[in-house]
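A.B. asks: attaching a predicted model along with its sequence, questions to come.
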Amino acid sequence: MDAPVIVVGAGPAGMMLAGELRLAGAEVIVLEKLAARTGESRGLGFTARTMEIFDQRGLLSRFGDIEVSNVGHFGGLPVDFGVLDGAHQAAKTIPQSATETVLEEWATQLGADIRRSHEVLSVTTKEDCVEVEVRGPAGVETLRAEYLVGCDGGRSTIRKAVGFDFPGTAATLEMFLADVKGIELAPRMIGETLPGGMVMVGPLPGGITRLIVCERGTPPQRREKPPTWEEVAAAWQRLTGDDISHAEPVWVSSFGDATRLVTEYRRGRVLLAGDAAHIHLPAGGQGMNTSIQDAVNLGWKLGAVVRGRAPEALLDTYHAERHPVGERLMMNTQAQGLLFLSGAEVQPLRDVLNELIRYPEVSRHFAAMVSGLEIRYALDGGAHPLLGRRLPDVGLAGHRLVGSSTEALRPARGVLLDFADNAGLRSRATPWLDRVDIVTAPPAGLPEGSPLTGTTAVLVRPDGYVAWAAPGSHGDLQMALERWFGPAR
């Protein structure tokens, strides 16, 4: 084998997965057909859930000063994200290019083997391995791995080569995205519809302005290269009456509203993550964030399997947990598209939702949906309110867990939090000490109504999700440890 795992694609999902695999002690090769990062930034900023993930791995400081905000939207309708109870707010205007740089540097420092200018030509799956034919600077070669993960975007070569089903709806329109210099435009929130379509204006660092333009009724085109700036400026003028052709384009792109989700995230020794598994209208900035979260769910599981610490069946939980998240993503981005891309016929619906969203409970529901804070994996392990959810903010004597991102979780190992100083509990976990750390300390300063009130212990997975809690879980601690971390040693 050339490596236990080969990852195809060096975007946010691929780099996050590579880092997680290295934290799990697994060797990984990352293949990327581009010679260098493009510097383009379709994704901007992080949701609160991604902020938790980056904090959990000690990555937030690498982004420098992060501007956060409680201001958001759902389909162009303003939503107050301050109603959420998470430890972090959403981060504003961090370009995807910066995210890719930080994650690639992190994965490289951890020892990931990143090979640029390597294009996958074909994939052959065998009983004991996956063979990948690759064209690189030295010519064509065949690499072998136990598992292959496609993180290679919406047009995924891996998805097509292995034959994953990718049902959904084709694009019905085309939208332009352009970052430009040398122009001053008043900000326009998404959702400010015009008679002929929709435009958005947002300021970015460095004197750059981001424009999004959508002319209603414009059919999508099968483009071999990006649209020209002249096309974008002409569409802008038709919609607004303003001439912006004198602006200097930094980069221009186009996208549509196609919505597709694979029927399975795993097919034997091949798995998919990020846009390779799901494409959708980029509403609410969820695409990159969901992709990163896919990688964090998969990384520790795949690492444990290839290192022989957990059975292969653990990989089945990746699809079981992330496919429902993908379904929710498809649903809410389609709903948002109807709200901010449709014409006057949808205005009554916008008006009704605008009234409802003023209620804190409704605002919390929409904010949690877009930010990823609503996610609860169906662990079927009991009635404790934290089961399947990320560990909330909790203080411990001499130690602070901020949200679900903690110093204890930064090594990407399991953590047993013993709140009641229970020697018997710790003894039962001892056979898993090579995979699970034990922290004994009482919780401090729990807010009123905290789901941790009355809890004596929790078992937290490397991704920050609670796998077992006492009291309230079905089965004992050892059953949960074996399920998520493999047989006792």
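C.D. replies: Perfect, thanks for sending it.
A.B. asks: from now on I want contacts and neighbour counts done on CA atoms only, so please keep to that.
C.D. replies: Will do.
A.B. asks: which residues touch the spatially most central residue of the chain?
C.D. replies: Nearest residue to the geometric centre of the chain (Cα atoms, centre = their mean): residue 290, 2.4 Å. The contact partners of residue 290, taken as Cα atoms under 8 Å, 6 or more residues apart in numbering, are 274, 372.
A.B. asks: now do the SS call for it.
C.D. replies: Recorded secondary structure, residue 290: helix (DSSP: H, G, I helix; E, B strand; the rest coil).
A.B. asks: from residue 159, how far off is it?
C.D. replies: Per Cα to Cα, to the nearest Å, residue 290 is found 18 Å from residue 159.
A.B. asks: so residue 117 touches residue 138, yeah?
C.D. replies: No: in this structure, residue 117 is not within contact of residue 138 by Cα atoms under 8 Å, at 10.1 Å.
A.B. asks: ranges for the helices of the stretch 351-489 of the chain?
C.D. replies: 360-371, 423-429, 477-485 (DSSP state H, counting those that start in this stretch).
A.B. asks: what of the chain?
C.D. replies: When assigned using DSSP state H, the helices of the chain occupy the ranges 12-23, 48-56, 96-109, 157-162, 229-240, 286-306, 316-341, 347-356, 360-371, 423-429, 477-485.
A.B. asks: so which of the ones you listed gets nearest residue 186?
C.D. replies: helix 229-240 (12.6 Å; Cα to Cα).
A.B. asks: and the closest one, what does it pack onto?
C.D. replies: strand 174-181, strand 197-204, strand 208-215 (3 or more Cα pairs under 8 Å, 6 or more residues apart in numbering; DSSP states H and E).
A.B. asks: contact partners of it?
C.D. replies: 176, 178, 194-199, 213-215, 242-245, 249, 252.
A.B. asks: could you pick out the buried ones from those?
C.D. replies: 176, 178, 194, 196-199, 213-215, 244-245, 249, 252 (16 or more other Cα atoms under 10 Å).
A.B. asks: okay, those residues in CSV with pLDDT and distance to residue 76 next?
C.D. replies: Shown next, in CSV, are those (pLDDT from 0 to 100; distance: Cα to Cα, whole Å):
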residue, pLDDT, distance to residue 76
176, 93, 18
178, 93, 19
194, 83, 13
196, 88, 17
197, 89, 13
198, 88, 11
199, 90, 11
213, 92, 14
214, 91, 14
215, 90, 16
244, 94, 24
245, 93, 27
249, 94, 26
252, 94, 23
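A.B. asks: of all those, which comes closest to residue 228?
C.D. replies: Looking across the buried ones among the contacts of helix 229-240 and measuring by Cα to Cα, the closest to residue 228 is residue 252, at 7.0 Å.
A.B. asks: pretty sure the closest one contacts residue 209?
C.D. replies: No: counting by Cα under 8 Å, residue 252 sits too far from residue 209 to count as a contact (12.0 Å).
A.B. asks: overlap in contacts of the two?
C.D. replies: residue 179.
A.B. asks: neighbours around the nearest residue to residue 442 once chain neighbours are set aside, how many?
C.D. replies: Sequence neighbours aside, residue 419 is the residue nearest to residue 442 in space, at 4.3 Å (criterion: Cα to Cα, 6 or more residues apart in numbering). Applying other Cα atoms under 10 Å, we find 21 other residues in the vicinity of residue 419.
A.B. asks: does residue 419 touch residue 454 like I think?
C.D. replies: No: at 9.7 Å, residue 419 does not count as touching residue 454 under the criterion of Cα under 8 Å.
A.B. asks: residues of the longest strand seen in the chain that come out buried?
C.D. replies: Longest strand of the chain, by residue count under DSSP state E: strand 139-150. Neighbour-count burial for strand 139-150, counted by 16+ other Cα under 10 Å, picks out 143, 144, 145, 146, 147, 148, 149, 150.
A.B. asks: which helices and strands sit right next to it?
C.D. replies: By 3+ Cα pairs under 8 Å, 6+ apart, strand 139-150 packs against strand 3-8, strand 130-136, helix 157-162, strand 270-272.
A.B. asks: how about a cut-off of 6 Å?
C.D. replies: strand 3-8, strand 130-136, strand 270-272 (3 or more Cα pairs under 6 Å, 6 or more residues apart in numbering; DSSP states H and E).
A.B. asks: with mean pLDDT and mean neighbour count as added columns, please give those in CSV.
C.D. replies: Shown next, in CSV, are the helices and strands packed on strand 139-150 (pLDDT from 0 to 100; neighbours: other Cα atoms under 10 Å):
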stretch, mean pLDDT, mean neighbour count
strand 3-8, 98, 25
strand 130-136, 98, 19
strand 270-272, 98, 26
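A.B. asks: circling back: of residue 117 and residue 138, which one has the most company?
C.D. replies: Between residue 117 and residue 138, residue 117 has the larger neighbour count (other Cα under 10 Å), namely 15 against 7.
A.B. asks: contacting residues around the more buried one?
C.D. replies: Applying Cα atoms under 6 Å, 6 or more residues apart in numbering to residue 117 gives the contacts 33, 34, 35, 136.
A.B. asks: and the last one, what does it touch?
C.D. replies: If I follow you right, that is residue 136. 117, 118.
A.B. asks: what about the nearest residue to residue 489 once chain neighbours are set aside, neighbour count?
C.D. replies: Of all residues not flanking residue 489 in the chain, residue 431 sits nearest, at 5.3 Å (Cα to Cα, 6+ apart). Applying other Cα under 10 Å, we find 15 residues neighbouring residue 431.
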